[in-house]
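Trainee: have a look at this fold, sequence not included:
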């Protein structure tokens, strides 16, 4: 901390005693008021900007990915970009490229929501993986939201994923605030408009390396057996997805927002069955995740705090 010049201090005290208001400093006073040293006392009451890691695919090759994510005219960016082996536009050994400092805000998430938090760009690290998956609008299907896109998802390069795992471990070692359920995909936070990183992204492999969330098989089997006779209602399923983190409203109806959120959940946790429709695999995985990461939300195998029981 710096000290004001003595004569300025005395001037202010004198002015107060005389009831005179003055905020004028002479040029000589400004020159004497030099900031020579700041002493630091670290408060225990603070948090970092970063809460989430958001994983994306670029849907274009390396050369175009780098151009789009770094040039001003495109208006998007990410903190990290990882090419894939075998890309004809990339001739080097696969490595990590940092495009934005972690302390700064990259423009990768857009309109998004997780655990009632919006503006995820403000709170996240974005990682783009070069992967040429492609989703396009199906002609004549604009009124059928359950069948309006055709997606061709590509496998992820093994070398690329190994490097990603190394990067994620490093980030997590420096950001204690990132919980397992905060390592998520773009489609998790923007399910109505995004598909990435898609059903071929190896979320379970990440979990096996100590990264992100996954359900226990034994617990999922328990709920599959329970739900084989009677499935939870749509309101309960909506409530469960909301408690896990998804931006969904409990409407008690199988509506458009629910379709998109279920599809995003399936891309992440039940990729072999990811059609946006309720399945016993999807619901049992959701309940197993809630029991593991949010145990306070389940009592006697039922969700707590949901109006629809």
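Mentor: Received the coordinates, thanks. From a predicted model like this one, the values you see are computed outputs, not experimental measurements.

Trainee: pLDDT wise, what is residue 104 at?
Mentor: Listed pLDDT for residue 104 reads 95.

Trainee: now the nearest residue to residue 301 once chain neighbours are set aside: which helix or strand?
Mentor: Nearest residue to residue 301, sequence neighbours excluded (CB to CB, 6 or more residues apart in numbering): residue 226, at 6.1 Å. The C-beta positions use only the backbone N, C-alpha and C, and glycine is treated the same way. According to DSSP states H and E, residue 226 maps onto helix 217-227.

Trainee: pull the number of nearby residues for residue 307.
Mentor: Neighbour count of residue 307, defined by other CB atoms under 10 Å: 9.

Trainee: hmm, residue 235 and it touching each other?
Mentor: Yes - in this structure, residue 307 is within contact of residue 235 by CB atoms under 8 Å, at 7.1 Å.

Trainee: now for the two: what residues contact both?
Mentor: Shared contacts of residue 307 and residue 235 (CB atoms under 8 Å, 6 or more residues apart in numbering): residue 250.

Trainee: quick one, helices of the stretch 51-200 of the chain?
Mentor: 62-70, 158-174, 186-189 (DSSP state H, counting those that start in this stretch).

Trainee: compare the ones you listed and give me the one nearest residue 42.
Mentor: helix 158-174 (16.6 Å; CB to CB).

Trainee: what is the burial count for the residue nearest to residue 116 when sequence neighbours are not counted?
Mentor: Using CB to CB, 6+ apart and skipping the chain neighbours, the partner closest in space to residue 116 is residue 247 (7.9 Å). Other residues near residue 247 come to 23 when the count uses other CB under 10 Å.

Trainee: report the contact partners of residue 247.
Mentor: Residues near residue 247 by CB under 8 Å, 6+ apart: 112-114, 116, 189, 191, 261.

Trainee: what's opposite the residue nearest to the spatial centre of the chain in the beta bridge?
Mentor: Residue closest to the mean C-alpha point of the chain, counted by CA atoms, centre = their mean, is residue 54 at 3.8 Å. Note on residue 54: beta-bridge partners residue 126, residue 184, judged by DSSP bridges.

Trainee: change the start of the numbering to 45 and stick with it
Mentor: With 45 as the first residue, the last one maps to residue 98.

Trainee: so it makes contact with residue 154?
Mentor: No - here residue 98 does not reach residue 154: they are 10.3 Å apart, not a contact under CB under 8 Å.

Trainee: residue boundaries of the strands in the chain?
Mentor: 96-101, 124-126, 141-142, 157-158, 161-162, 168-173, 178-181, 193-196, 227-229, 342-343, 346-347 (DSSP state E).

Trainee: need those strands in TSV with mean pLDDT and distance to residue 219, can you?
Mentor: Shown next, in TSV, are the strands of the chain (pLDDT from 0 to 100; distance: least, CB to CB, whole Å):
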stretch	mean pLDDT	distance to residue 219
strand 96-101	98	8
strand 124-126	98	14
strand 141-142	98	15
strand 157-158	96	16
strand 161-162	93	16
strand 168-173	98	8
strand 178-181	86	31
strand 193-196	89	32
strand 227-229	98	11
strand 342-343	90	28
strand 346-347	88	30
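
Trainee: can you lay out these as CSV showing distance to residue 208?
Mentor: Below are those laid out as CSV (distance: least, CB to CB, whole Å):
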stretch, distance to residue 208
strand 96-101, 8
strand 124-126, 6
strand 141-142, 12
strand 157-158, 20
strand 161-162, 24
strand 168-173, 7
strand 178-181, 21
strand 193-196, 21
strand 227-229, 11
strand 342-343, 32
strand 346-347, 33
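
Trainee: tell me which of these sits nearest to residue 218.
Mentor: Residue 218 lies closest to strand 168-173 among these, at 10.1 Å (CB to CB).

Trainee: show me what the closest one is packed against.
Mentor: Judged by 3 or more CB pairs under 8 Å, 6 or more residues apart in numbering; DSSP states H and E, strand 168-173 is in contact with strand 96-101, strand 124-126, helix 202-218.

Trainee: let's see that with 10 Å instead.
Mentor: With contacts taken as 3 or more CB pairs under 10 Å, 6 or more residues apart in numbering; DSSP states H and E, strand 168-173 sits against strand 96-101, helix 106-114, strand 124-126, helix 202-218, strand 227-229, helix 230-233.

Trainee: could you dump those into JSON lines and include distance to residue 313?
Mentor: Formatted as JSON lines, these follow (distance: least, CB to CB, whole Å):
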{"stretch": "strand 96-101", "distance to residue 313": "14"}
{"stretch": "helix 106-114", "distance to residue 313": "27"}
{"stretch": "strand 124-126", "distance to residue 313": "23"}
{"stretch": "helix 202-218", "distance to residue 313": "18"}
{"stretch": "strand 227-229", "distance to residue 313": "11"}
{"stretch": "helix 230-233", "distance to residue 313": "10"}
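
Trainee: fine, thanks again, bye for now.
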